[in-house]
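Here is my input, please return the structure:
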Amino acid sequence: MSVLHQMPEPSVQAQPKPMQILAKYHSNAPVNVLGIAKELGLTVWGMDLLPNISGKIFRDPQNGGPSGFSIAVNSAEPIVRQRFTIAHEIAHFLLHRSQLEKGDLVDDAMYRSGLSSAEEAAANKMAAHILMPFSLINSLVSSGVTDVTDLAARLQVSQTAMKIRLGIPT
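So this is what the prediction gives:
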């Protein structure tokens, strides 16, 4: 198990709201998903997970940073998949934190089949927003980056994820 970043000491200053944190990272490509996690108080760990698990968020009071939660991401998967997984787990943290804290948001190891499709769809939608904000896509397009392959490369996401975000059939 390796930590992908180290957590700073918690600050006594007022913490920015989650949407302010996201907006801060939406001006440069690729979006620094580890920076977002860090500012939200999440620790991200690269782990060798089972082949069918891309990642998970879990209560981690000892190592989870100020939030008390960590994200485990399958370090054997391609970096674009790892980035989407981290964004997806951040989305669960932002959207479903009360359920996480109560232990009500529990998944099984088979692609989260124990979670409602609405919760997963919401987390996927927010993950796409985190990694591929339309403001950043529009900025790239305005600067001449118009090919899906080039956009995906600049944002370090899969071409499939980029096509879905742009509404292009896959």
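
Could I get the average pLDDT for whichever helix or strand A128 is part of?
When elements are assigned from DSSP states H and E, A128 belongs to helix 117-131. For helix 117-131, mean pLDDT rounds to 93.

Which strands and helices lie in contact with that helix?
helix 33-39, helix 79-95, helix 159-166 (3 or more C-beta pairs under 8 Å, 6 or more residues apart in numbering; DSSP states H and E). C-beta coordinates here come from the backbone N, C-alpha and C atoms, glycine included.

these two touch, right, T160 and I168?
No - judged on C-beta atoms under 8 Å, T160 makes no contact with I168 at a distance of 9.8 Å.

Please say which of these two ends up with more neighbours.
T160 (14 against 11; other C-beta atoms under 10 Å).

what does the model give the more buried one for pLDDT?
T160 is given a pLDDT of 96.

got a list of what it touches?
T160 sits next to T170 when contact means C-beta atoms under 8 Å, 6 or more residues apart in numbering.

immediately after the helix or strand of the chain with the lowest mean pLDDT, which helix or strand?
When each helix and strand of the chain is scored by mean pLDDT, DSSP states H and E, strand 2-3 comes last, with a mean of 41. Remark: after strand 2-3, the chain's next helix or strand is helix 18-24, criterion DSSP H and E.
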